[in-house]
Every structure is written in structure tokens, then in C-alpha cells.
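S.K.: Quick one, structure for this:
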Amino acid sequence: MAGIVLLFACLVQAVCAQTAQVYSPDTQRQIYASDKFHHALQPLSKIAIGRSTISLDSHAWVKARPRVLGTNGSDVDWVTVSFRRTTPNVSDWIAVFSPADFNSTACPEGLTIYDFPKLCTAPIKYKYATDSTRYLKRGHGLLSFRLINQREDFVFALFTGDVYNPVLVGISNKVAFQHPKAPLYPRLAIGNTWNEMSVTWTSGYGIDDAMPIVQWGPEWKDDQFISPAGTLTYGRDDMCGPPAKTVGWRSPGFTHTAFLKELWPNTKYSYKIGHKLPNGSFIWGRKQHFKATPYPGQDSLQQIIVVGDTGKAEKDGSNEYENYQPGSLNTTDRISEDLDNIDIVFHVGDLSYSNGYISQWDQYNEMYQPITARVPVMVASGNHERDYPGTGSFYENPDSGGECGIPAQTNYFVPGKDSSKFWYAVDYGLFHFCVINTELDWREGSRQYEFIENCLASVDRQRQPWLIFIGHRVLGYSSSASYGTEGSFDEPMGREALQKLWQKYRVDVAFWGHVHSYERSYPTLENVVVSNEKSLYSGTFNATIHVVIGGGGSHLSEYSSLSTAWSAYKDVDFGFGKLSASNHSSLLFEYKKSRDGQVYDRFWIIRHPVDVLGCDSINYFCPEKTLAN
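M.R.: As a prediction, the model looks like this:
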């Protein structure tokens, strides 16, 4: 039997490993086993791919059609998978692998193919065979999978033994997109200056294959500019640990970023991402549109979405595990439906929850493409982007699944000289944003603390009256059960380090994620409620309002049973926030639920620039002054 298994492995890939370092079975199981934390977060981690065996059943078959996808130019297509097994079982399931050659020859160098494991790359998605309602009675099933262009071909595999002890019994024909290398998933972000837009996208073209470019210009102008793009990628060895370095690895293709400069304020532009091929021909993505940012301090209606902890879900119903990220599709739909009334999106971190399964970044980028292609999206780093032991993260946990921030910083542009730090400032019309990275040290004396103070101090409040602070973990106030257990209702050392800066520089609102629900505080300083007004805050600045906005899609978080006097409104549901301002004196915040897009909480701040220039209302901080004339 061992000889048959080895022969099969060679036939599928047509290449067999010549030499391999042999680890003990215990060591290999440690390498490939997903830990308990990953099981709770990423559906693919439920699959014990390292325990897989191969036992092809001559009476079983799997067929997929159509063989060629995207013939209409689309980057999405549906595949019908029919399958048969003479001994159907409730533990049977269908997995989608990409690339199609997925057997043991794809194992990382240094792992034997002769004993354990037989397969060492996770599928990109899966469904149970019993999703086809008559499978158990007839032994024949029919399932539909929604595939997106991920630069490689696909194959469908029939397993038995559930996902905990998978046994491969059948494999389908290969299917592939007609143009697998096509430029896809454009992602806008504000560039290094207020009047610059960055455009990032993904393709299968490396720097030696084609020249990445963006064709763009004002919508009303026939002449178009051409801007070149830089190209980045990363490899398995750039990952910090498993599963990103092992079963979760998949080539990310190439990421390209171009900068569209000297934009005219509030002007509508069109653009197309593309590549110039060596033969002089071009391959283009779809024509897209965006509106340039307003001039800093300009009075005009400016509408800003704030969302966090979204994750991703599959529109074909695959990949679900404990219904972990059920709200992400609703959130995406509600925001997409209202894009005519949205200028920019801020994501407070925990984006894809790929957790080391690199294929999921493509899935996430495709799901958010209706938003990212039309409005700039500025992201913060969360624990599921950055944290991994021994990699410099402030928290020594494996939440990123070995990614240690590299896929996130490659996929999403943020302004600044060092994108890996993920702390930066953004000017948008009447607003000044300070985005921090809670996964790196923020305490006094750190480089990030220095950035925070410089960011807060640099804004001209007579020009840009609204000062907004954004981070992932709650350094402000949260009534969540987890923070309540710790007793501080925030991250340890959070408020102690930063509240004097928030008060000194009069931060209007601080947004947080990490807790998967919604909560808004009264203006609060040092655990004391400074104003108990419910929905209208006017006059002299008193204290910062803290908003937890982490209900973007991932599983919901419960609140502590302890009463917190500073909590003005809380809601255990999926949702997002919206800031609106059109002048220097009025700011509106609204909390909307993802299920219907309706407003369930709101507050106004009515304040003139002079109200933030003198002492605050409680004299906690007053500017220095002299008695001299």
C-alpha cells in the first residue's frame, strides 16, 4: 500500500522529492497540528491536513464544470461539482485545492513524504458532501462553489473521515480561469500627502513578466495620465511560523502600488489598473472611479465610515466553522449600498482573520473590492495581523498564525516611511486622524508614543477642528466580559499611558475594535464621567468620547455583568459607525446595524475652534501663560 501511495503522489505532480530530512512523527505532528486558538478562529484550521492519508476509491469519482472560468471577463465564476461514492458517509466532504497539484511533493523542504504527512497544504475552502441533500441515500451529490481568480488552477477532492482524520478517495479534473494572471482587486488609500491617492492591486505578473501601470484622469477630460507602479511579493520563508509557513502557505502572487499625484480637491477621477506586456499589448482591469480628497480645512460634506474586526465569509456557504464570521457579508453589503454617501473608510484592525492561511487574503480582497475600488480605505493593525511570539509584537501570542504583519502591510498601503509600523497620520478635509498600532509598544518613552504626541500636536484646530484617534485593542473604555474579568475595562497600561495626551490635545473621539460589539462612552477621564449628556455635547471641550466599533463581522462579544457608569450605550450586534461633518462647528456620529443599515445610536458635538484652545471644562489641562504684557 505504501508503494501505491507514493506512486500516486508522484503521478499527480509528476515530480517526486529526491531527498528529504526525516523528522520524527511527534515533531511533524507538532509542526502541522493547529493549536486550540487557531481552531477557534479560522475555518481551515479545523482540517487536520497533517493526518491525511490517501486511499483512492476506484468506484468514487468527482467531476467539475465548466473547465474554463471567467470566459465573460469576470474574475468570479460558479463551478458545479458532481461526485459519487458507493459507500456514502456523513463524514464525507469536498475540498477545493489551488494550485491543483496539492499532494506531498508540495511539502516544505525538510519534511519527508514517505511517512507523515501525505498532504501538507490546506484547501482554500470546503463543504460537507451532505450539503447535497440526497447524497446519503443515493451516493451521488451535486454542489456549487463560487471561485475567484487566484492566479492558479483548481481541483476538487473528495475526502472521508471528516476533517479531523481526512482520507482522500477521489479527485476531479482541473478547472482554471481564462486569464489567471489578470490585474484584480484594486484597493485605494490616501497617499503620502492629502492630494495623493495610492492604488494597490494583485496580479500574477512579476517584474520580469510585465510593466504594472495605472491609466487615470479627471472624468471630464479626454487626456489620460499613465503612472507606473512598484511591485512587491513575499515568500514562505518570510513568514514567522505555522500555519503560514507550513499548511497555510500559498503563493500570494504580486502586489502593485501606484501613486496618483497632485489631485484636484473633490474632483471625480476614473482609473484602470493594468500591465504592459513584452509584446507591446496591454491587459486592463475594469474602469473604476473615485473622488479626490477635500482640501484640509475645507467646508464641505465629509462622510466617513469606521468599522472593525470584519473577517470574511463565503457567499457559497462554504468554509463555515461555528458561524464565526457571519456578519461580514452584511456589513460589506450595507456599506457598498451607501457608497454614494461615503467618502473614506477607516478599518480599526483585524481584517481578514486569515490567521496564517494565505489564500484567504485574496478572498478578503475580493469581498471588499466593491468598497476598496471606489473609496480610500485606511487600515490599522490588529492582533490577527501582527502578533506572533519572538517577532517584536507587544503581545507574545500566535494570533496572526505566523503572518507577523507581512501580508497585511503588503496588501494595504498606509502612508509613512515604514509601513511595517502601521502608525500614521491622515488629513481629510475637516478631520485629522491619528492611527496607532496597539500591537507595538505605545507607552511613554517608546517610538510610538513620540509619534502619537507629534500627531496630536501637529493639527491646526482652527483649520481642522475634528481630531480622531484610532487603534485596535481598547486603550480607552470597554465593558466587555474579557476586560471586566481583568478588572480594568481596557488593555493593561492603556489609559495610564495615553489619557493625558487625549486631554491635552482635546481628542474628540477615540475608536477601538478587538471587542466584537458596539459601545459608546460618555466623555470620561480617569474613570470619571465628565458629562452625562446622552446625545449632544456642546461648548468647551470636556473629555474624549470612546467608541468600540468591533462588530464588523466576527463572532460577537458579550458584556460584563458589572455596571460601568461611563457606558452610554452598548449593543451586542454587528454594525459600523459613520462620522459626518460639513463645517467647523458640527460633528455627527451614527451607529448603524449591518442587518438593515438603520441608525440605532447617535450623538452630536457642537463646538467652535475657540472651545478647544483654552482650558478644558474641568481645568485638567490649561495652556501655559505668562503675566507679562
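S.K.: Can you read off the pLDDT for Val81?
M.R.: Looking at Val81, its pLDDT is 98.
S.K.: same question, Ser561
M.R.: pLDDT, Ser561: 88.
S.K.: So it: helix, strand or coil?
M.R.: Look at Ser561: counting by DSSP: H, G, I helix; E, B strand; the rest coil, its state is coil.
S.K.: so who does it touch?
M.R.: Shown in contact with Ser561 (C-beta atoms under 8 Å, 6 or more residues apart in numbering): Ala481, Gly484. Bear in mind the C-beta positions are built from the backbone N, C-alpha and C, glycine included.
S.K.: Can you show me the helices along the stretch 51-200 of the chain?
M.R.: Along the stretch 51-200 of the chain, counting by DSSP state H, counting those that start in this stretch, helices occupy 135-138.
S.K.: Where do the strands of it begin and end?
M.R.: Assigned strands in the stretch 51-200 of the chain, in chain order: 53-54, 61-65, 68-69, 76-84, 93-97, 125-128, 140-148, 155-160, 167-171, 176-177, 184-190, 197-203 (criterion: DSSP state E, counting those that start in this stretch).
S.K.: Can you check which of those strands gets nearest to Leu339?
M.R.: Checking the strands of the stretch 51-200 of the chain against Leu339 by C-beta to C-beta gives strand 184-190 as the closest, at 11.9 Å.
S.K.: ok, and what's touching that closest one?
M.R.: By C-beta under 8 Å, 6+ apart, the residues outside strand 184-190 that reach it are 75, 149, 196-203, 271, 273, 285, 288, 290, 293, 344, 362, 365-366, 368-369, 372-378, 411-415, 426, 428.
S.K.: avg pLDDT for that strand?
M.R.: pLDDT averaged over strand 184-190 gives 98.
S.K.: Using a markdown table, lay out the strands of the stretch 51-200 of the chain together with distance to Arg473 and mean neighbour count.
M.R.: Shown next, in a markdown table, are the strands of the stretch 51-200 of the chain (distance: least, C-beta to C-beta, whole Å; neighbours: other C-beta atoms under 10 Å):
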| stretch | distance to Arg473 | mean neighbour count |
| --- | --- | --- |
| strand 53-54 | 42 | 18 |
| strand 61-65 | 43 | 17 |
| strand 68-69 | 41 | 17 |
| strand 76-84 | 35 | 18 |
| strand 93-97 | 34 | 25 |
| strand 125-128 | 30 | 23 |
| strand 140-148 | 31 | 19 |
| strand 155-160 | 38 | 24 |
| strand 167-171 | 41 | 22 |
| strand 176-177 | 39 | 22 |
| strand 184-190 | 22 | 24 |
| strand 197-203 | 26 | 25 |
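S.K.: Of all those strands, which one comes closest to Gly445?
M.R.: It's strand 184-190; of the strands of the stretch 51-200 of the chain, that one is closest to Gly445 (C-beta to C-beta) at 29.7 Å.
S.K.: Between strand 76-84 and that closest one, find me the angle.
M.R.: Between the axes of strand 184-190 and strand 76-84, defined by axes from the mean of the first three to the mean of the last three C-alpha atoms, to 10 degrees, the angle is 140 degrees.
S.K.: Just want the angle from strand 184-190 to strand 140-148.
M.R.: 40 degrees.
S.K.: could I get strand 184-190 in CSV with only the CA atoms?
M.R.: Output of strand 184-190 as CSV, limited to C-alpha atoms (Å, rounded to 0.1, in the frame of the first residue of the first chain):
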residue,chain,number,x,y,z
LEU,A,184,-7.5,42.3,-9.8
TYR,A,185,-8.9,43.7,-6.6
PRO,A,186,-8.0,47.4,-6.7
ARG,A,187,-7.6,49.0,-3.3
LEU,A,188,-7.5,52.8,-2.9
ALA,A,189,-5.8,54.6,0.0
ILE,A,190,-4.7,58.1,0.7
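S.K.: Going forward, count from 33.
M.R.: Fine by me, first position is 33 from now on; the one you just mentioned is strand 216-222.
S.K.: partners of that strand in the sheet?
M.R.: Applying DSSP bridges, strand 216-222 is found paired with strand 229-235 (antiparallel).
S.K.: how about the CA coordinates for the host helix or strand of Val458, as PDB?
M.R.: Val458 is part of strand 456-460 when elements are defined by DSSP states H and E. Extracted as PDB, the C-alpha positions of strand 456-460 are listed here (Å, rounded to 0.1, in the frame of the first residue of the first chain):
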ATOM      1  CA  TYR A 456       0.400  57.100  10.700                       C
ATOM      2  CA  ALA A 457      -1.500  60.400  10.400                       C
ATOM      3  CA  VAL A 458      -4.200  61.200   7.800                       C
ATOM      4  CA  ASP A 459      -5.700  64.600   6.900                       C
ATOM      5  CA  TYR A 460      -9.100  64.500   5.400                       C
END
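S.K.: Name the surrounding residues that touch that strand.
M.R.: Contacts for strand 456-460 (C-beta under 8 Å, 6+ apart): 222, 226, 325-326, 328, 334, 336, 375-376, 410, 446-448, 464-467, 487, 490, 496.
S.K.: Give me the helices and strands touching the following helix or strand past that strand, please.
M.R.: Beyond strand 456-460 in the direction of the C-terminus, DSSP H and E gives the next helix or strand as strand 463-467. Secondary-structure packing of strand 463-467 (3 or more C-beta pairs under 8 Å, 6 or more residues apart in numbering; DSSP states H and E): strand 456-460, helix 479-489, strand 498-502.
S.K.: which of the ones you listed sits most buried?
M.R.: Stretch with highest mean neighbour count among the helices and strands packed on strand 463-467: strand 498-502 (a mean of 24; mean count of other C-beta atoms under 10 Å).
S.K.: who touches that one?
M.R.: Residues from elsewhere that reach strand 498-502, judged by C-beta under 8 Å, 6+ apart: 338, 378, 380, 412, 462-468, 488, 491, 493, 534, 537-543, 576, 611, 613, 619.
S.K.: Pairing partners for that strand, with directions?
M.R.: In the sheet, strand 498-502 lines up against strand 463-467 (parallel), strand 541-544 (parallel) (DSSP bridges).
S.K.: Which one, of those, ends up nearest to Arg552?
M.R.: Closest approach to Arg552 among these (C-beta to C-beta): strand 541-544, 9.3 Å.
S.K.: what is the rounded mean pLDDT of that closest one?
M.R.: Average pLDDT, strand 541-544: 98.
S.K.: Tabulate the helices and strands packed on strand 463-467 (TSV), appending mean pLDDT and distance to Ser549.
M.R.: Converted to TSV, the helices and strands packed on strand 463-467 look like this (pLDDT from 0 to 100; distance: least, C-beta to C-beta, whole Å):
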stretch	mean pLDDT	distance to Ser549
strand 456-460	97	26
helix 479-489	97	26
strand 498-502	98	18
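S.K.: In JSON lines: these, plus distance to Leu588.
M.R.: Formatted as JSON lines, those follow (distance: least, C-beta to C-beta, whole Å):
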{"stretch": "strand 456-460", "distance to Leu588": "29"}
{"stretch": "helix 479-489", "distance to Leu588": "30"}
{"stretch": "strand 498-502", "distance to Leu588": "21"}
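S.K.: These: which one's closest to Ser283?
M.R.: Closest approach to Ser283 among the helices and strands packed on strand 463-467 (C-beta to C-beta): strand 456-460, 28.5 Å.
S.K.: Pairing partners for the closest one, with directions?
M.R.: Partners of strand 456-460 in its sheet, by DSSP bridges: strand 463-467 (antiparallel).
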